[in-house]
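Student: Would you be able to build a 3D model of this:
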Amino acid sequence: MASSLTCTGMVWAFLSFLCAAASCVGFFMPYWLLGSQLEKSVSFGTFRRCSYPVRDESRQTTVMVEQCGRYASFQAIPSAEWRICTVVTGLGCGLLLLVALTALMGCCVSELISRTVGRVAGGIQFLGG
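Tutor: Sure, this is the predicted structure:
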């Protein structure tokens, strides 16, 4: 298989893929903020949460749900700022993945990545970051 990338381009493609993978894992993991509530350890990120309080209407108390999961809906994310962060971080991860996968394909397909495409991809990576 011929490549359209130089040695430097292949290193860029590999590092781009590692960065995109790390960003996506960080986006999906609920360990951005750690703390405790109702004497239980809690954590949450922009997309997921672990050990969160829920109002039990039958007993008129607040109980802790000790499991990890996504928010029930976009509106269930705690604040407008966190919603914006979720959208921006998700878009950034998507852009980083797009460039990384294109760069990895450039390692196998000749004439896929030219100097101009490389510069555009670098700009997209800048926006994604």
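Student: residues of the strand or helix carrying Gly94 that come out buried?
Tutor: Following DSSP states H and E, one finds Gly94 within helix 80-108. Within helix 80-108, the residues that count as buried by 16 or more other Cβ atoms under 10 Å are 82-83, 85-86, 89, 92-93, 95-97, 99-100, 102-104, 106-107. Backbone N, C-alpha and C define where each C-beta goes, glycine included.
Student: Quick one: residues contacting Glu91.
Tutor: Careful, residue 91 is Leu; it's not Glu. Listed by Cβ atoms under 8 Å, 6 or more residues apart in numbering, the contact partners of Leu91 are Gly128.
Student: just the strands in this protein please.
Tutor: For the chain, the strands defined by DSSP state E occupy 33-37, 40-44, 48-56, 61-70.
Student: Dump the ones you listed to TSV, plus mean neighbour count.
Tutor: Putting those into TSV (neighbours: other Cβ atoms under 10 Å) gives the following:
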stretch	mean neighbour count
strand 33-37	11
strand 40-44	17
strand 48-56	15
strand 61-70	12
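Student: Quick one: closest of those to Ala13.
Tutor: Among these, strand 48-56 comes nearest to Ala13, with 29.3 Å by Cβ to Cβ.
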